[in-house]
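Asks: Fold the stuff below for me.
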Amino acid sequence: MLYEYDAHNDVCPLPLVKTRVILKKMHVGDSCLIRIMDKGSKKNILHYLEKYQWQYKQKNVDKNVLEIKIHK
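Replies: Residues are numbered from 1 along each chain as shown. Here you go, the predicted structure:
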C-alpha cells in the first residue's frame, strides 16, 4: 500500500506527528510518500528515520519542497 502525506501547509511538530502515525500503520512492503516545506520538520523527520533505521530516499522537488519516500 502507498500512503501519501502532503505537509506543504503544516508546520513543526505536526508533520513529524502525522508521519509517525502513518509509519505505525505500515506493513512490510508498504511505502509512504511525504512532501514537506517546513525546515524544522524536514530536519526532524530525517533524524527520526535515521534513528529508527527506516529505509528512505529523499529528493528536492523544488527550492522549498523536500519529498521523502519511505519503505518498510
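
Asks: What about His47, how many residues nearby?
Replies: Look at His47: counted by other CB atoms under 10 Å, it has 11 neighbours. Every C-beta, even on glycine, is put in place using the N, C-alpha and C of the backbone.

Asks: again but with Lys39, I slipped
Replies: 12.

Asks: And the one 4 residues further on, by the same measure?
Replies: Neighbouring residues of Lys43 were enumerated by other CB under 10 Å; the total is 14.

Asks: for Val21, same thing?
Replies: Count around Val21 with other CB under 10 Å applied: 11.

Asks: Show me the strands in this structure, by range?
Replies: 2-7, 31-36, 55-60, 66-71 (DSSP state E).

Asks: show me the residues around the residue positioned nearest the centre of the chain that make contact.
Replies: Nearest to the geometric centre of the chain sits Ile34, at 4.4 Å (CA atoms, centre = their mean). If you count contacts by CB atoms under 8 Å, 6 or more residues apart in numbering, Ile34 has them with Glu4, Tyr5, Asp6, Ala7, Pro15, Thr19, Ile45, Glu67, Ile68, Lys69, Ile70.

Asks: Sounds good, over and out.
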